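>>> heads up, no residue letters with this:
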């Protein structure tokens, strides 16, 4: 997630990252609040995710991580803004 330059970050209320695979329900991965810090929710990604400058960082990516990742940013009084990124994970090819 990239916040537009000039946005007043003092008015940032919430950053939430969600994950959804085709045909499945949306899962909240993590939530960041300036007042409360980061909360990482239970999911197959727990223990492998974190947030850095509002971007989702996934460690040890596997094929089961493919799908749509949505970042929701809430700024007061501007409201909620959302962007979705689709992650495709290809099989690792051994180097000979």
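Looks like it came in fine. Being a predicted model, the structure only gives us computed values, none of them experimental. Residues are numbered from 1 along each chain as shown.
>>> do you know how far the residue nearest the centre of the chain is from residue 95?
Nearest residue to the geometric centre of the chain (CA atoms, centre = their mean): residue 17, 3.2 Å. Residue 17 sits at a distance of 32 Å from residue 95 (criterion: CB to CB, to the nearest Å). All C-beta spots, glycine's among them, are computed from the backbone N, C-alpha and C.
>>> list the residues that contact residue 59.
By CB atoms under 8 Å, 6 or more residues apart in numbering, residue 59 lies in contact with 48-50.
>>> need those residues in a markdown table (columns: neighbour count and secondary structure).
What follows is the contacts of residue 59, written out as a markdown table (neighbours: other CB atoms under 10 Å; DSSP: H, G, I helix; E, B strand; the rest coil):
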| residue | neighbour count | secondary structure |
| --- | --- | --- |
| 48 | 15 | coil |
| 49 | 20 | strand |
| 50 | 13 | strand |
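>>> can I get these in JSON lines with pLDDT and distance to residue 75?
Compiled in JSON lines, the contacts of residue 59 are given as follows (pLDDT from 0 to 100; distance: CB to CB, whole Å):
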{"residue": "48", "pLDDT": "96", "distance to residue 75": "28"}
{"residue": "49", "pLDDT": "95", "distance to residue 75": "23"}
{"residue": "50", "pLDDT": "93", "distance to residue 75": "22"}
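>>> what's the closest non-adjacent residue to residue 55?
Closest residue to residue 55 apart from its sequence neighbours, by CB to CB, 6 or more residues apart in numbering: residue 1 at 6.1 Å.
>>> could you do residue 78 as well?
Per CB to CB, 6+ apart, closest to residue 78 is residue 11, 7.4 Å.
>>> residues contacting that neighbour?
Residue 11 neighbours (CB under 8 Å, 6+ apart): 75-78.
>>> make a PyMOL selection of the buried ones in these.
Buried members of the contacts of residue 11, defined by 16 or more other CB atoms under 10 Å, are picked up in PyMOL with:
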select buried, resi 75
